[in-house]
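Novice: here is a sequence together with a model predicted from it:
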Amino acid sequence: MIFMSQSGITDPTQEPQWAQWYVEHLRIMRTVDGITSAERFQTKAPGWPPSLAMYSIRSPQVFVDPYYQKIRGMGPWLSLIDKRFYQRNLFEGVEQASIMAPEVPADCALVVTDQTQPELAHQEPAFEGVTFTWLRAVGLDQSTPYRGISVIPHARALGLPTRADVALYASAQPS
């Protein structure tokens, strides 16, 4: 299963400190039994949450684990979280329920689209060859019924048209 937490903060001057906190937060999250990967991404796409953390989890039972309950959340950043962007979704794959978060190499972008059906509405020629893995929201906020994700090289991502229903997220991991 894939757990995605999306957010942003209300004070942009605090971004460097928040990014630093997030590196440690992801490290700690990977110590939870049942979380096998954790990575953070950022976007400047208008209307999209600027920050996306993506985790591979074994099952929804992770969320009731006492250790997870103790370390989860935004900690000292809670008062600065922009409520417009705060979304937490649990996804399973449309084609195969048991799905893990993809690896996103440093030279690639994560393409994200939220749709009412597992397909990109109004397919444009520029998106030919972009293969989405379709996810169905099955828990938490369920802020979208379906999310498509694709990992593509940065150079290819730069050639995609700007669309309100598609965001390009780059890794926020330190180099």
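Specialist: Sure, I can see it.
Novice: next up, the contacts around the residue nearest the centre of the chain.
Specialist: Nearest to the mean C-alpha position of the chain, by Cα atoms, centre = their mean, lies residue 52 at 3.8 Å. Residue 52 makes contact with 4, 5, 6, 40, 41, 42, 43, 110, 112, 169, according to Cβ atoms under 8 Å, 6 or more residues apart in numbering. From N, CA and C alone the C-beta is placed, and that goes for glycine too.
Novice: buried sites along the lowest-mean-pLDDT helix or strand in the chain?
Specialist: Lowest by mean pLDDT, DSSP states H and E among the helices and strands of the chain is helix 154-158, with a mean of 94. Under the neighbour-count criterion of 16 or more other Cβ atoms under 10 Å, helix 154-158 has residue 157 buried.
Novice: need the residues that contact it.
Specialist: Contacts for helix 154-158 (Cβ under 8 Å, 6+ apart): 107, 108, 109, 111, 130, 168, 170.
Novice: in strands, which of those fall?
Specialist: Judged by DSSP state E, strands contain the following of those: 108, 109, 111, 168, 170.
Novice: okay if I get those as TSV plus pLDDT, neighbour count and distance to residue 10?
Specialist: Output for these, formatted as TSV (pLDDT from 0 to 100; neighbours: other Cβ atoms under 10 Å; distance: Cβ to Cβ, whole Å):
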residue	pLDDT	neighbour count	distance to residue 10
108	97	19	30
109	97	24	26
111	98	22	27
168	97	20	23
170	96	16	22
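Novice: closest one of the residues you listed to residue 147?
Specialist: Using Cβ to Cβ, residue 111 is the member of the ones in strands among the contacts of helix 154-158 that lies nearest residue 147, at 10.7 Å.
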